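S.K.: with the input below, show me the fold.
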Amino acid sequence: QVQLVESGGGLVQAGGSLRLACAASGRAFSVYSMAWFRQAPEKEREFVAAISSMEDIVYVDSVKGRFTVSRDNAKNTVYLQLDRLKPEDTAIYYCAADRTVFTLTRGGAEYWGQGTPVTVSS
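M.R.: Sure, this is the predicted structure:
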């Protein structure tokens, strides 16, 4: 069993930055691929970024060049740096874990966090 707890969300003006963190506990963190998803009001949840156990990284096109995913296996934590934020980035951001990036990029995951809200004002 893996427990995921996100933190770092908040209110920020357009053009600003936030750093989200997802702390994992339970089974070996380093073997899991990790991902961030988001769900905006009245929209479906969408994949944002993923990082494999070997640190291969995938981003959705809309965040490339603005968001950066990273992981620290010593701290059992995955991060999402959000820069140059736009109002359309407003959503609840979820952390997820799975054995494969393939599954994560297709919206699936073995474990999910509870989410942290990000609000970007114009």
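S.K.: tell me what the spatially most central residue of the chain is bridged to.
M.R.: The chain has Trp36 as the residue nearest its centroid, 2.2 Å off, counting by CA atoms, centre = their mean. Trp36 has these beta-bridge partners by DSSP bridges: Ala49, Cys95.
S.K.: same question, Val12
M.R.: Beta-bridge pairing for Val12 (DSSP bridges): Val120.
S.K.: hmm, Ser122 and it touching each other?
M.R.: No: the criterion here is CB atoms under 8 Å, and Val12 misses it with Ser122 at 11.2 Å. Just so you know, the C-beta spots here come from the backbone N, C-alpha and C atoms, and that holds for glycine as well.
S.K.: between the two, which is the more surrounded one?
M.R.: Val12 (17 against 9; other CB atoms under 10 Å).
S.K.: for that one, list the residues it contacts.
M.R.: By CB atoms under 8 Å, 6 or more residues apart in numbering, the contact set of Val12 is Leu18, Leu85, Val118, Thr119, Val120, Ser121.
S.K.: including neighbour count and distance to Ala96, could those residues go into JSON lines?
M.R.: Formatted as JSON lines, the contacts of Val12 follow (neighbours: other CB atoms under 10 Å; distance: CB to CB, whole Å):
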{"residue": "Leu18", "neighbour count": "21", "distance to Ala96": "19"}
{"residue": "Leu85", "neighbour count": "22", "distance to Ala96": "21"}
{"residue": "Val118", "neighbour count": "22", "distance to Ala96": "16"}
{"residue": "Thr119", "neighbour count": "15", "distance to Ala96": "21"}
{"residue": "Val120", "neighbour count": "20", "distance to Ala96": "22"}
{"residue": "Ser121", "neighbour count": "11", "distance to Ala96": "27"}
